[in-house]
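In: Next one to model:
(one chain, ligands or ions: 2)
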Amino acid sequence: MTVEPPAAPDGVPIFPIDATLEASARKAWPLGLCPECLGRLFGRHGHGLSNPERAVRIANAIGSPIPATPLEGCALCRGAFDRWETWISRGQRATEGLEYRRFACGSRWDPEILAREETIWSEVGATHAEAARGAFNREWGKRIEAATGIPGGPLDPEVVVLADLPAGRVEVTILPIYVRGRYRKLDRSIPQTRWPCRRCEGRGCEHCAGTGKTYPTSVEELVAAPFLATTHGEGTRFHGMGREDIDARMLGRGRPFVLEVLRPRVRTLDLIALSERAKVASEGRVEILEPVLAGPADVLRVKEATPEKSYRVGVRADVPVAKINEALSFVTGRAIAQRTPTRVAHRRSDLIRSRRIRHARVVEASEGRFTLDLRAEAGTYIKEWAEGDGGRTEPNLAGLIGAPVTVEFLDVLEIHDTE
Ligand SMILES: [Zn+2]
Ligand SMILES: [Zn+2]
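Out: Ligands and ions are numbered 1, 2, ... in the order given. You can find the predicted model right below:
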């Protein structure tokens, strides 16, 4: 038999309450659940109703009023759905002073409650129930939106607000800011990233004068400083598209990087002004070009790219320029075999790699000194190619000219990542 539900004055479509639904409701009514939890057992019936409204309609239809359940006394949710004001004020306290334009929300539940929910579903034969956690999260999101005016949703949130129900507190995860750009390094004494002291591993010791670092500063620190200060972040990560040697400059259009600012409290940034500040504060040692806001996908892109690079290298060799020219035309377009150089063998596995020199030419020659421009595949060790690295690179410039070669300087002229 189908019981007709009462007319809906609000115009919300009325769902049919058939014998199956009625039987389920009659089993559910004595379980000591609050109207929210009762209505949710039938949550996928009657679209457009709140769960308590749905419970009332079912109660009227089956002629059995909703049992009075004391506040906090719900056998399932323990009153979680009756404490919105508390949750909202906890949420507001936890996000106080944070700038964000999009949020996502969630909740942590006692696993016992979630298990009990499933038991109740099967006991009453609820086939159209909605889960407590999903319903809580949806309501929680709506209420935060209403209180803050900030849109919620799972797409690209800047903070995640988590209600920890068993602990009675709100946890906030602040997502990083990503800034993508290109850096130029005009100094031959700074590494790309902060380099912890080997003796103390960053804690600070006599050897590093308490700094915890091998070098006083790095591109990472010089780039990050103004961003960190402005965002009140808690730290940074620096992702470069490869790296140059400490004593090599990075010229041309610079090297692509992504700076990740962790737990920023401020997100409105004038990227151009901050880049200018980094340049001034670094005394011109580091410049940031083309800064734009980015995302985690850019980190992957930067880490996985293997662009060709152009170098300018200054070498000393006691031979006439004709000999150098001859060697360069021999290597152009040719694969060279490079065994992992001795200087990096402590952090890279020892293997032999094949790399190609695309172009090579002499741009300046004087008595025993030559400036060469080279373009090579990603991962070519230029210094080793020039000097030979004790035969670990073959063919090498020293071998080809039959005289020792010393590299005097090395600059990266261009990263060909956009070709
Ligand atoms: Zn409840
Ligand atoms: Zn140290």
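In: Return the residues in contact with residue 373.
Out: 310, 311, 312, 359, 360, 361, 363, 413 (C-beta atoms under 8 Å, 6 or more residues apart in numbering). Where C-beta positions appear, they are placed from N, C-alpha and C, glycine not excepted.
In: Residue 27: which element?
Out: helix 19-28 (DSSP states H and E).
In: Please name every helix or strand in contact with that helix.
Out: Applying 3 or more C-beta pairs under 8 Å, 6 or more residues apart in numbering; DSSP states H and E, we find helix 19-28 packed against helix 51-62, helix 111-124.
In: Out of the contacts of residue 373, which comes closest to ligand 2?
Out: The closest of these to ligand 2 turns out to be residue 311 (C-beta to the ion; 32.8 Å).
In: Any idea how many residues pack against the closest one?
Out: Number of residues near residue 311 (other C-beta atoms under 10 Å) recorded here: 23.
In: can you tell me the residue of the stretch 251-400 of the chain closest to ligand 1?
Out: residue 263 (34.8 Å).
In: Looks like that residue contacts residue 237 (just checking).
Out: No. Using C-beta atoms under 8 Å, residue 263 is not in contact with residue 237, being 11.8 Å away.
In: Show me whatever sits in contact with both of the two.
Out: residue 176.
In: Can you list the buried residues in the helix or strand where residue 413 lies?
Out: Assigned by DSSP H and E, residue 413 belongs to strand 406-416. If you call a residue buried by 16 or more other C-beta atoms under 10 Å, then strand 406-416 has these buried ones: 407, 410, 411, 412, 413, 414, 415.
In: One more: stretch 289-306?
Out: Those would be 291, 294, 298, 299, 301, 302, for stretch 289-306 by 16+ other C-beta under 10 Å.
In: First-to-last residue distance for that stretch?
Out: Using C-alpha to C-alpha, to the nearest Å, one end of stretch 289-306 lies 20 Å from the other.
In: what's the spacing between it and its chain's center?
Out: Here stretch 289-306 is found 11 Å from its chain centre; the criterion is C-alpha atoms, centre = their mean, to the nearest Å.
In: ditto for stretch 252-271
Out: Computed by C-alpha atoms, centre = their mean, the chain-centroid distance of stretch 252-271 equals 12 Å.
In: Counting by contacts, list what the strand holding residue 413 packs against.
Out: Checked by 3+ C-beta pairs under 8 Å, 6+ apart, strand 406-416 has strand 249-262, strand 308-316, strand 369-376, helix 382-387 packed alongside it.
In: Kindly export it (C-alpha atoms) in CSV.
Out: Extracted as CSV, the C-alpha positions of strand 406-416 are listed here (Å, rounded to 0.1, in the frame of the first residue of the first chain):
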residue,chain,number,x,y,z
THR,A,406,92.1,24.1,-18.9
VAL,A,407,88.6,25.6,-18.6
GLU,A,408,88.9,29.1,-17.3
PHE,A,409,85.2,30.0,-17.2
LEU,A,410,81.9,28.6,-18.2
ASP,A,411,78.6,30.4,-18.7
VAL,A,412,75.2,29.1,-19.7
LEU,A,413,74.0,31.4,-22.5
GLU,A,414,70.6,29.9,-23.1
ILE,A,415,68.2,27.2,-22.1
HIS,A,416,66.4,26.2,-25.3
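In: Just checking: what are the partner strands of it?
Out: Strand 406-416 has its sheet partners listed here by DSSP bridges as strand 249-262 (parallel), strand 308-316 (antiparallel).
In: Give the rounded mean pLDDT of it.
Out: The average pLDDT for strand 406-416 rounds to 97.
In: quick revisit: taking the buried residues of strand 406-416, tell me the two that lie furthest apart.
Out: 407 and 415 (20.0 Å; C-beta to C-beta).
In: related to what we said a few turns ago, to residue 336, which of the helices and strands packed on helix 19-28 lies closest?
Out: Nearest of the helices and strands packed on helix 19-28 to residue 336, taken as C-beta to C-beta: helix 111-124 at 59.5 Å.
In: so the closest one versus helix 19-28, what angle?
Out: 130 degrees (axes from the mean of the first three to the mean of the last three C-alpha atoms, to 10 degrees).
In: what does the helix holding residue 27 contact?
Out: 1-3, 17, 38, 41-42, 45, 58-59, 61-62, 64, 120, 123-126.
In: next one: stretch 386-396
Out: Contacts of stretch 386-396 (C-beta under 8 Å, 6+ apart): 313, 315, 330-331, 334, 336-342, 381, 383-385, 397-399, 404-407.
In: returning to that earlier point: for the buried residues of strand 406-416, which one is nearest residue 186?
Out: residue 411 (9.7 Å).
In: residues contacting the closest one?
Out: 248, 249, 250, 251, 311, 312, 313.
In: Just the buried subset of those, written out for PyMOL, thanks.
Out: The buried residues among the contacts of residue 411 can be selected in PyMOL (16+ other C-beta under 10 Å) with this line:
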select buried, resi 248+249+250+251+311+312+313
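In: where does residue 301 land in three-state SS?
Out: helix (DSSP: H, G, I helix; E, B strand; the rest coil).
In: how about low-confidence regions in the stretch 51-200 of the chain?
Out: 69-72 (pLDDT under 70).
In: where along it do the strands fall?
Out: In the stretch 51-200 of the chain, the strands defined using DSSP state E, counting those that start in this stretch lie at 103-108, 159-164, 169-174, 177-185.
In: which of these is buried the deepest?
Out: strand 177-185 (a mean of 22; mean count of other C-beta atoms under 10 Å).
In: State the next helix or strand along the chain beyond it.
Out: Assigned by DSSP H and E, the successor of strand 177-185 is helix 219-231.
In: give the contact list for residue 358.
Out: Counted by C-beta under 8 Å, 6+ apart, residue 358 has contacts 308, 332, 333, 375, 376, 377.
In: what's the answer for residue 239, then?
Out: 257, 258, 259, 260, 299, 302, 303 are the contacts of residue 239 under C-beta under 8 Å, 6+ apart.
In: Give me the phi and psi angles of the residue in the stretch 151-300 of the chain positioned nearest to ligand 1.
Out: Closest contact between the stretch 151-300 of the chain and ligand 1, by C-beta to the ion, is at residue 165 (11.8 Å). Phi and psi for residue 165, reported as degrees, to the nearest 10, are phi -70, psi -50.
In: so how many other residues sit close to it?
Out: Residue 165, neighbours per other C-beta under 10 Å, totals 20.
In: same thing with residue 142?
Out: There are 13 residues near residue 142, going by other C-beta under 10 Å.
In: Quick check: it vs ligand 2, distance?
Out: Separation of residue 142 from ligand 2 (C-beta to the ion, to the nearest Å): 52 Å.
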